[in-house]
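Enquirer: Just to be clear, the model below is a prediction. Sequence and coordinates:
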Amino acid sequence: KMASDASLASIVIAFSLNVVASCGTVFLNKYLFKELGFKFGTALTVCHFFFCHLMCRLLIAYKVFKPKENLNWMSVVPIALSSCGYVVFNNISLALNSVSFYQVMKLLCTPIIIAIQYLVYSQKTSTITMASLVPVLLGVFVTVFSDMEANLLGTIFAVAAILSNSVYTVWGKEMPKKLELSGLQLLYPQTLISGIILTFTIPFFDDYAALVHFDFDWYNVMIILCTCCTAFGVNFSFFLLVGKTSPLTTNVVGYFKTCVVFIGGILLFSGDSSTKSLIGIAITLLGTLLYTYVKYQEQMRQADPQVKLIEKLEKENSKV
């Protein structure tokens, strides 16, 4: 019983850290972009990557995990590149769009991930799961066309963020298995490589002259450091939560974070949200709940010993 209580406590801690860190990162970044005028998404991402790498080194020093010996760092470059696109385009999308538009568009990653898994890895998705995605897409449609802060440039970067996010998510699942790494063992080299790559892109994506002349007073620097801390918290707690629970539970946590970000975004940044926008958000959240329920039922069915036996017999019969 004590072991069970300790396991439950660790799950609660991982859940709480992930929710607080994720929502904190979104709101702090938006505060930096909108209120402090620090509209340098790429430079901020570079800070996040290098800070995460330094924190990984600190965890290694305290023997929280060990880096894999003889790892060919070139094998990490593909996921590092997708990570660069994922974070940069997300930050730029957040800078150009409202919080609600930014968060709802990210939900489109789900059908894109399903498509990638089917086309690349031949992993099929059931018809009922596909049907449960309809309300999600409907909610996104309503929200996008009712959000007055949506614009062409912001939408382009939002789509780029969705595509890179989807690729990164799929590789984030497949790459550790391929390279036989834990999450932190992969995060350690990935963040350094991504940080170095993105450093050279700052003049192309950010206003370099404005960045150099930005007022880096103690308050602005403190907020930037806070975003670095929350960004590391997101990465660290993600792997901690997945290790303690399952991808399904992590998705449920993601939907909960979406609700928090929606509500917080409306209260903090979008006080005049239209009725259509709120209806779109409500439809989207109901759709994600339906999708989660369907996936839960499928997982429970797959875990049933009788179902497993029937599926095994069907496979054997099909071979005969």
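Expert: In hand now; what should we look at? Treat the numbers as computed from the prediction; the structure is a model and nothing was measured. Numbering: from 1, shown residues only.
Enquirer: Count the neighbours of the nearest residue to Ala210 once chain neighbours are set aside for me.
Expert: Nearest-residue entry for Ala210: Phe40, 7.7 Å, with adjacent residues in sequence omitted and distances by C-beta to C-beta, 6 or more residues apart in numbering. In short, each C-beta sits where N, CA and C put it, glycine included. Counted by other C-beta atoms under 10 Å, the residues lying close to Phe40 total 24.
Enquirer: pretty sure Phe40 is touching His213, no?
Expert: No. In this structure Phe40 lies outside contact range of His213 using C-beta atoms under 8 Å: 11.6 Å.
Enquirer: contacting residues for the residue nearest to Ala210?
Expert: Ile202, Asp206, Asp207, Ala210, Leu211, Phe214 (C-beta atoms under 8 Å, 6 or more residues apart in numbering).
Enquirer: likewise Tyr86?
Expert: The contact partners of Tyr86, by C-beta under 8 Å, 6+ apart, come to Ala161, Ser164, Asn165, Val167, Tyr168.
Enquirer: Name the SS class of the last one, please.
Expert: Secondary structure state of Tyr168, per DSSP: H, G, I helix; E, B strand; the rest coil, is helix.
Enquirer: coming back round to it: how much space between the residue nearest to Ala210 and Val88?
Expert: Using C-beta to C-beta, to the nearest Å, Phe40 is found at 11 Å from Val88.
Enquirer: May I have the predicted confidence score for Ile196?
Expert: Note for Ile196: predicted pLDDT of 94.
Enquirer: Contacts made by the strand or helix carrying it with the rest, please.
Expert: Element membership for Ile196 (DSSP states H and E) is helix 183-199. Helix 183-199 is contacted from outside by 42, 45-46, 49-50, 52-53, 56-57, 59-60, 64-68, 71, 73, 76-77, 79-81, 83-84, 87-88, 175-176, 179, 235-236, 238-239, 242-243, using C-beta under 8 Å, 6+ apart.
Enquirer: ok, and for that helix, which residues are buried?
Expert: Burial within helix 183-199, assessed by neighbour count using 16 or more other C-beta atoms under 10 Å, is assigned to 183-195, 197-198.
Enquirer: Low-confidence stretches in the stretch 151-300 of the chain?
Expert: 242-256, 258-259, 262-263, 266, 269-274, 276-277, 292, 295-296, 299-300 (pLDDT under 70).
Enquirer: ranges for the helices of it?
Expert: 152-179, 183-199, 202-205, 208-212, 218-244, 247-268, 275-303 (DSSP state H, counting those that start in this stretch).
Enquirer: Out of those helices, the one nearest Phe27 is which?
Expert: Closest of the helices of the stretch 151-300 of the chain to Phe27 is helix 247-268, at 6.1 Å (criterion: C-beta to C-beta).
Enquirer: Leaving out chain neighbours, which residue sits closest to Val87?
Expert: Thr45 (4.7 Å).
Enquirer: Secondary structure element holding that neighbour?
Expert: Following DSSP H and E, one finds Thr45 within helix 41-61.
Enquirer: what's next to that helix, contact-wise?
Expert: Counting by C-beta under 8 Å, 6+ apart, 29, 32-33, 38, 65-67, 84, 87-88, 91-92, 94-95, 184, 187-188, 191-192, 194-195, 198-199, 201-202, 205-206, 211, 224, 227-229, 231-232, 235-236 sit against helix 41-61.
Enquirer: Which element is encountered next along the chain beyond that helix?
Expert: Remark: after helix 41-61, the chain's next helix or strand is helix 77-96, criterion DSSP H and E.
Enquirer: any idea of the mean pLDDT for that next one?
Expert: Rounded mean pLDDT across helix 77-96 is 82.
Enquirer: so where is the stretch 1-150 of the chain shaky, pLDDT-wise?
Expert: Ranges of the stretch 1-150 of the chain meeting pLDDT under 70: 1-8, 99-100, 103, 140-141, 143-150.
Enquirer: So for stretch 217-227, what gets flagged as buried?
Expert: If you call a residue buried by 16+ other C-beta under 10 Å, then stretch 217-227 has these buried ones: Ile223, Ile224, Thr227.
Enquirer: how about the CA coordinates for stretch 84-100, as CSV?
Expert: C-alpha atoms of stretch 84-100 as CSV (Å, rounded to 0.1, in the frame of the first residue of the first chain):
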residue,chain,number,x,y,z
CYS,A,84,13.7,23.5,-34.1
GLY,A,85,10.8,23.9,-36.5
TYR,A,86,8.3,22.8,-33.8
VAL,A,87,9.4,25.4,-31.2
VAL,A,88,10.2,28.3,-33.5
PHE,A,89,7.0,28.2,-35.5
ASN,A,90,5.0,27.7,-32.3
ASN,A,91,6.6,30.8,-30.7
ILE,A,92,6.1,32.9,-33.9
SER,A,93,2.5,31.6,-34.1
LEU,A,94,2.0,32.7,-30.5
ALA,A,95,3.5,36.1,-31.2
LEU,A,96,1.2,36.7,-34.3
ASN,A,97,-2.0,35.1,-33.1
SER,A,98,-4.3,35.2,-30.1
VAL,A,99,-3.9,32.5,-27.4
SER,A,100,-7.2,30.8,-28.3
